[in-house]
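Participant: Need a 3D model of the sequence below.
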Amino acid sequence: MRKIILFLMCVLMLSSCSGEAKKAEQTIFAMDTAMSITVYGDNAELLAANAAHKVNELSAKWSVTDQNSEIGNANSIGAHISTAHISDETAELIKFSLELTEQTGGAFDITIYPVLREWGFTTGEYNIPSEKRIAELLRKTGSDKIQLSGNTITLLGGAQLDLGAVAKGYTGDILCEYLKSEGVTSALLDLGGNIHALGTKPDGTPWRVGVKAPDGSGNVAVLEMADSAAVTSGGYERYFVGEDGKRYCHILDPETGYPADSGLASVTIIGREGKLCDALSTAVYVMGASEAEELWRSRGDFEMLLLTNNGDMLVTAGLQERLSVDESFSGELKIIK
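Facilitator: Predicted coordinates for the structure are as follows:
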């Protein structure tokens, strides 16, 4: 699933960062979204190109619509039991996803793909499935239908995977580790709205990113970032309006098989690990504010900014010093402690 709505705020302009640091930028289209990779320092051009090449490699492994990808190969249509060999990176991502499924009580689930496809979110052929059809497809979902042993994955009961809700986050982690190993201390990755900040800007100041208002009216806040990732999920850009006049978003509740309806308009997660931020932005959107607060207090390894359907903003205490709320914001601001 695509993650959305984090925008860079003039941070890619060299003149606003440093007059001395060398800069290179690569723009590519991968994982069904536009991406940009900006690297500062010596060998920036080569390193940015290598990073872009790595994105394409990972995209080829994890594409759910390409039958020749590792995921496509595992998702053998019609097979009751499917076994496939996968790479170390894919195995690591699936292992992490299974752990997070357990930690979020099933709010995050990489086996929801058969239901997502039925709604038409992977094909563009939108459809409101019957309750009977959803119930039938839900029987094919669940982490208990995944068996992972080293680099071998077995899917049971017709299960199929979709890593879209975590792939870009993990990709950002991999790219940042690569760039750091090459001595880069300043880089910014925009992987389809998943923002990964390596270090600070060349002048030593934090990167600044904006969180967009769900109604498209502009930014509701600006976040300062350094050595961290920020990912936003929301149901207001990827949706369709059914014949019944209702709007159906692409983020499904794995328990019901229907679009999540938790009272949240958007969720922004900030943390050290992109894969965690990516996955939690989906899980929290499904959970709703109350469960999200409990999860935040129990973990302590991420911060979050929640925008509710009634226009309010909930922000965890750790973001207070790094957050500037736009003067146009008219809702209630609550600090979660």
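Participant: Spit out the contact partners of the residue most central in space within the chain.
Facilitator: Nearest residue to the geometric centre of the chain (C-alpha atoms, centre = their mean): Asp278, 3.2 Å. Contacts here follow C-beta atoms under 8 Å, 6 or more residues apart in numbering; on that basis Asp278 touches 3, 165-170, 194, 229, 231, 269. Quick note: C-beta positions are derived from backbone N, CA and C, even for glycine.
Participant: Quick check: which ranges of this structure have low pLDDT?
Facilitator: Within the chain, the stretches with pLDDT under 70 are 1-20.
Participant: rerun at 80
Facilitator: 1-21, 77-79, 216, 237 (pLDDT under 80).
Participant: Restricting to C-alpha, output the longest helix along it in CSV.
Facilitator: As assigned by DSSP state H, the longest helix anywhere in the chain is helix 44-62. Extracted C-alpha coordinates of helix 44-62, given in CSV (Å, rounded to 0.1, in the frame of the first residue of the first chain):
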residue,chain,number,x,y,z
ALA,A,44,27.7,12.1,-4.5
GLU,A,45,26.8,11.4,-8.1
LEU,A,46,28.0,7.8,-8.1
LEU,A,47,26.5,7.0,-4.7
ALA,A,48,23.1,8.5,-5.7
ALA,A,49,23.1,6.4,-8.9
ASN,A,50,24.0,3.3,-7.0
ALA,A,51,21.2,3.9,-4.5
ALA,A,52,18.7,4.3,-7.3
HIS,A,53,19.9,1.0,-8.8
LYS,A,54,19.4,-0.7,-5.5
VAL,A,55,15.8,0.6,-5.3
ASN,A,56,15.1,-0.9,-8.7
GLU,A,57,16.6,-4.2,-7.6
LEU,A,58,14.4,-4.3,-4.5
SER,A,59,11.3,-3.3,-6.5
ALA,A,60,11.9,-6.2,-8.8
LYS,A,61,12.0,-8.6,-5.9
TRP,A,62,8.9,-7.3,-4.1
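Participant: Please point out which parts of that helix sit buried.
Facilitator: For helix 44-62, a neighbour-count test (16 or more other C-beta atoms under 10 Å) marks 44, 47-48, 50-52, 54-55, 58-59, 61-62 as buried.
Participant: helices and strands around it, which ones?
Facilitator: strand 23-30, strand 33-40, helix 70-74, helix 88-103, helix 167-181 (3 or more C-beta pairs under 8 Å, 6 or more residues apart in numbering; DSSP states H and E).
Participant: between those, which gets nearest to Val286?
Facilitator: Val286 lies closest, by C-beta to C-beta, to one member of the helices and strands packed on helix 44-62: helix 88-103, at 11.6 Å.
Participant: contact partners of the closest one?
Facilitator: So helix 88-103 is contacted by 58, 61-62, 70-71, 86, 108-110, 143, 146, 148, 150-151, 153, 161, 163, 166-167, 170, 174, 275-276, 279-280, 283, 299 (C-beta under 8 Å, 6+ apart).
Participant: so after that helix, what's the next helix or strand?
Facilitator: Going down the chain from helix 88-103, the next helix or strand is helix 113-119, by DSSP states H and E.
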